[in-house]
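J.: Okay, predicted coordinates and the sequence, questions at the end:
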Amino acid sequence: MPVVTALTYYPVKGCAGVTVDQARLTPAGLAHDRSFMVVSEEGVFRTQRRHPRLTLIRPGVTHDGAQLTLQADDFEPLAIDVDAFGPARPVELFGNAHRGIDQGDTVADWLSSVLDAPSRLVRVPPDHDRVTDGRTPGTSGYADSSAVHLLSRATLDLLNEKLGERGADPLPMNRFRPNVVVDGWPEPHTEDRAHRLTLGAAELGYTKLAVRCAVTTVDQETAARSGPEPLRTLAGYRRAARGGVVFGAKYAVLRPGKVSVGDEVVVGEWGESER
C-alpha cells in the first residue's frame, strides 16, 4: 500500500527544510512552504545555483506564522516578528514580476553576512495572486512552480542503483527537496502517471514533471557542490521530450486538508507520462 513517509516544507525558498509528521495542506502547498524568499538588493531571488550556502540556513516559523527564526553554524540565531501586512516591493522570480513584503534591515544584515552577498528577505503578501501553470492550474508562494513537489522512494532507489553502476555514491532524498515522499509504489516514476491523488484529507492534481537543475548537485548538509551527478546519470535515462531532465512530479492542490505521515496515497486518475 503506498503511503506518505515524509513531509517537508521550506519556509524560506532555497534554505533548509522543516520535516514534520503532519501538516496542513493549503491551496499554496504545505503551510508556510516558500512563504519567504531571499532576494538581492534589486529584488531578484537568490538560489542555491549561485548561492549554495542558502542550504546552511535553518529556518523555523511558528504555527501562526507570526515569528520566524533563522539559524546557521558560526552565526548567532536570529528571531524576528514577521511583517505580514506592510507595503510590498517588486521582486523577481525566474524573470517573472511578483511582490514581497520586506522584513527589515536586521534580517537583511544577518542574511548578507551568512551568504557574503547583500541580501534582503521578503514575505508573500496577503493579496498574492500567483497562478501556476501545467495540466492543473493552481497557486503557490515562492515555489519554482506548482504548490507541491512529490517524489517516490522507488524513483530515488532506481537512480541510486544507476549511480552505483557508475561507481558513484547514493544520494539522500533531501538532495531533491520534495514536499511529499511516497513509499509503496513498486514501479519507479509512478508519480509521472498519478494525475489525481488523495492523501489524508487533501487532494492533488498533477501539473507537470519536475525539471531538475544544478541545485541537485549541492550537498544539502554541507553546501558543497558534488560535480556532475546526479544530472549526468539522469541525462542518460530521464531526458524530457521538451528538454531537460525530469525527476519527480509537481501538483496543484485541489482540496486543502490535513496530511500526516502514514496516510495512504490513493490514485483517483491515471494518465500517460509526459516524458
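T.: Great, that's in hand.

J.: Hmm, His195 and Glu269 touching each other?
T.: Yes: look at Glu269 against His195 with CB atoms under 8 Å: they come within range, at 4.7 Å. (Each C-beta comes from the backbone N, C-alpha and C, glycine too.)

J.: Neighbour count for the two, which is higher?
T.: The neighbour count for Glu269 versus His195, taken as other CB atoms under 10 Å, is higher for His195 (21 against 11).

J.: just checking, what packs against the strand or helix carrying Thr106?
T.: According to DSSP states H and E, Thr106 maps onto helix 105-115. Applying 3 or more CB pairs under 8 Å, 6 or more residues apart in numbering; DSSP states H and E, one finds that helix 105-115 makes contact with strand 67-72, strand 75-81, strand 119-123.

J.: and the ones you listed as CSV, adding distance to Arg99, mean neighbour count and mean pLDDT?
T.: CSV is the format used below for the helices and strands packed on helix 105-115 (distance: least, CB to CB, whole Å; neighbours: other CB atoms under 10 Å; pLDDT from 0 to 100):
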stretch, distance to Arg99, mean neighbour count, mean pLDDT
strand 67-72, 18, 18, 98
strand 75-81, 19, 13, 98
strand 119-123, 8, 24, 98
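
J.: Nearest to Met37 among the ones you listed would be which one?
T.: Smallest distance to Met37 across those (CB to CB): 5.5 Å, for strand 119-123.

J.: Direction included, what does that closest one pair against?
T.: Strand 119-123 has its sheet partners listed here by DSSP bridges as strand 36-40 (antiparallel), strand 96-102 (antiparallel).

J.: Tell me the secondary structure at Val215.
T.: Under DSSP: H, G, I helix; E, B strand; the rest coil, Val215 falls in the helix class.

J.: would you list every one of the helices in the stretch 101-250 of the chain?
T.: Along the stretch 101-250 of the chain, the segments classed as helices by DSSP state H, counting those that start in this stretch run 105-115, 153-165, 231-235.

J.: what's the second one in contact with?
T.: Contact with helix 153-165 is made by 5, 169-171, 173, 176, 181-191, 229-230, 233-234, 236-237, 247-248, as judged by CB atoms under 8 Å, 6 or more residues apart in numbering.

J.: got it, and stretch 45-52?
T.: 13-14, 37-40, 54-55, 91-94, 115, 117, 119, 142, 213-215, 218, 223-225.

J.: how about the helices and strands packed on helix 105-115 in a markdown table, adding distance to Thr19?
T.: Below are the helices and strands packed on helix 105-115 laid out as a markdown table (distance: least, CB to CB, whole Å):
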| stretch | distance to Thr19 |
| --- | --- |
| strand 67-72 | 15 |
| strand 75-81 | 19 |
| strand 119-123 | 22 |
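
J.: is it true that Val261 touches Asp21?
T.: Yes: at 5.0 Å, Val261 counts as touching Asp21 under the criterion of CB under 8 Å.

J.: Any chance you could list residues touching both of the two?
T.: Common contact partners of Val261 and Asp21 (CB under 8 Å, 6+ apart): Leu7.

J.: more neighbours, the two?
T.: Val261 (17 against 10).

J.: Can you give me the separation between that one and Phe75?
T.: To Phe75, Val261 is 31 Å away according to CB to CB, to the nearest Å.

J.: Could you give the number of residues near Val215?
T.: By other CB under 10 Å, 19 other residues sit near Val215.

J.: which non-adjacent residue is nearest it?
T.: Gln48 (4.6 Å; CB to CB, 6 or more residues apart in numbering).
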